[in-house]
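> I'll drop the sequence and a predicted model, then ask my questions.
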Amino acid sequence: MEEGRAMEEMIDRKSLRFSAILLVAGVVLFILVTVLFHPGSAPGNDEADTFKGYANSTYWSLIHAIQFAGNVIIVFGLLALFSALNVKSGLVGVLNRFAAYSAVASLAFLAVVYAMDGIALRQTIDAWLNAPPSVQSAYFAVAQGIRVLEWGVRGYSDYLTGLSLVLFATVITLTARISRPIGYIMGLTGLGFIVRGYTYSLTITTAVSSTPPSIARR
């Protein structure tokens, strides 16, 4: 019994190193492809100009596939952290498992986000740009609707990501199996995700234009 308890109290160093590698690799991959290749929003958040910029992105679907891959790597890193912490019993063990469950759930939401953003939104924007003038407003409204749905799902994904990070931070702080400052940073990052998730609901209220613009064919 004592031997089993001693084994549980030991952190898995190999899994911890693997977790760190995955987390850093996933974050770096996501940031690089987003900063270097993802088109930004138009000045003044003009949605029509933003959509045109998206349509002119040659590798739009590939960019979003790589962004999703970066998120997959990050979640795998969090699951490796779950294994590395090696906390299985008591309330802290429950928190550790819930942290892992939240990370997996957030990834499922992100799969929906990138399906809408990387495929559905782009296809709808292309249809809008090539539509006859008489139906352009309808296609534009559909594109706006997909964008709003994407933001809604993304917001809840951020809630789950934030919850996962806060729970992992709690486990780290309570057990001190790795440096507590890492737990504090992780907790603050998680709170940042939760706040960002809430801001999407505020953005949605101002995103929908009441007067869809007319456009010239590409």
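That came through, no problem.

> make it CA atoms for all contacts and neighbour counts henceforth
Noted.

> Now stretch 184-200: average pLDDT?
For stretch 184-200, mean pLDDT rounds to 95.

> swap in stretch 74-92?
Averaged over stretch 74-92, pLDDT sits at 93.

> list the contacts for L23?
Listed by CA atoms under 8 Å, 6 or more residues apart in numbering, the contact set of L23 reads I73, I74, V75, F76, G77, L78.

> Run through the protein and note the low-pLDDT ranges.
Low-confidence segments of the chain, defined by pLDDT under 70: 1-9, 42-45, 204-218.

> Output the longest helix belonging to it.
Longest helix of the chain, by residue count under DSSP state H: helix 136-175.

> Packing partners of that one?
Applying 3 or more CA pairs under 8 Å, 6 or more residues apart in numbering; DSSP states H and E, we find helix 136-175 packed against helix 90-115, helix 121-129, helix 180-207.

> could you dump those helices to JSON lines with distance to D12 and mean neighbour count?
Listed next are those as JSON lines, based on distance: least, CA to CA, whole Å; neighbours: other CA atoms under 10 Å:
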{"stretch": "helix 90-115", "distance to D12": "14", "mean neighbour count": "19"}
{"stretch": "helix 121-129", "distance to D12": "43", "mean neighbour count": "20"}
{"stretch": "helix 180-207", "distance to D12": "17", "mean neighbour count": "17"}
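
> Out of the ones you listed, flag the one nearest A84.
Smallest distance to A84 across those (CA to CA): 10.6 Å, for helix 90-115.

> Show me what the closest one is packed up against.
Short answer (3+ CA pairs under 8 Å, 6+ apart): helix 90-115 packs on helix 60-85, helix 136-175.

> how about V87, phi and psi?
Dihedral angles of V87 (phi, psi; degrees, to the nearest 10) stand at phi -110, psi 120.

> circling back to that earlier point, nearest to S57, out of the helices and strands packed on helix 136-175?
S57 lies closest to helix 121-129 among the helices and strands packed on helix 136-175, at 9.6 Å (CA to CA).

> quick one: contacts for V35?
So V35 contacts nothing (CA under 8 Å, 6+ apart).

> Just to check, G152 is in contact with S201?
Yes. Using CA atoms under 8 Å, G152 is in contact with S201, at 6.9 Å.
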